[in-house]
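Asker: give me a model of this one.
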Amino acid sequence: MLNWTTNYLPDNIKFFPAAAEDFFSLDKGRQIKVIKALQKIAQAPALFGKELENQVNRPLSGYRSIYVDKKSVRIIWKVTELGIMEIVVVAGIAEREGMLVYQLVAKRKEDLEEYISRLTNR
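Answerer: This is a model prediction of the structure:
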């Protein structure tokens, strides 16, 4: 699904399948901005962005978040270890409409954690 982006994304960036759909729902201009942001995140995934906390209906402790495109799009990811490499698992991407992306990721969290477990063979 993300075949054309593999030339632009570092190996330590992985998309949760629903987040890939989020990405492709953006127009090409925003997709490019998301790719550029992910290239930066890949350099220091655990240090980039804002750490999220558990809140009512948003149990997202352990996830990180940034804005892209003049704060109109938000990316949420989780950093995990795969051997000695930090892996960025993109959990959700959405336009900044209230708490939309947080709600999307909170709904996906169980499946996302299972995906991460399979990815890291834990």
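
Asker: what is the subsequent helix or strand relative to the helix or strand of the chain with the lowest mean pLDDT?
Answerer: Here the helix or strand of the chain ranked lowest by mean pLDDT, DSSP states H and E is strand 58-59, holding a mean of 80. Downstream of strand 58-59, the next assigned helix or strand under DSSP states H and E is strand 63-68.

Asker: next, the buried residues of that next one.
Answerer: 63, 64, 65, 66, 68 (16 or more other Cβ atoms under 10 Å). The C-beta positions use only the backbone N, C-alpha and C, and glycine is treated the same way.

Asker: same check on stretch 23-30?
Answerer: Neighbour counts over stretch 23-30 (16+ other Cβ under 10 Å) mark 23, 26, 30 as buried.

Asker: which helices and strands sit right next to the least confident helix or strand of the chain?
Answerer: Strand 58-59 sits against helix 100-120, with contacts defined as 3 or more Cβ pairs under 8 Å, 6 or more residues apart in numbering; DSSP states H and E.

Asker: what's the helix it packs on in contact with?
Answerer: Contacts of helix 100-120 with the rest of the structure, by Cβ atoms under 8 Å, 6 or more residues apart in numbering, involve 14, 16-18, 22, 52, 57-60, 63, 65, 74, 76, 78, 80-82, 87, 89, 91-94, 122.

Asker: inside helices: which ones of these?
Answerer: Cross-referencing those against helices under DSSP state H gives 17, 18, 22.

Asker: which ones are touching residue 11?
Answerer: Contacts for residue 11 were tallied using Cβ under 8 Å, 6+ apart; they are residue 85.

Asker: so it, which state does it fall into?
Answerer: Under DSSP: H, G, I helix; E, B strand; the rest coil, the three-state class of residue 11 is coil.

Asker: for it, give its distance to residue 120.
Answerer: Note on residue 11: its distance to residue 120, by Cβ to Cβ, to the nearest Å, is 14 Å.

Asker: now residue 47
Answerer: 20 Å.

Asker: ok, the two, which is more surrounded?
Answerer: A direct count of neighbours by other Cβ atoms under 10 Å for residue 47 and residue 120 places residue 120 higher, at 13 against 10.
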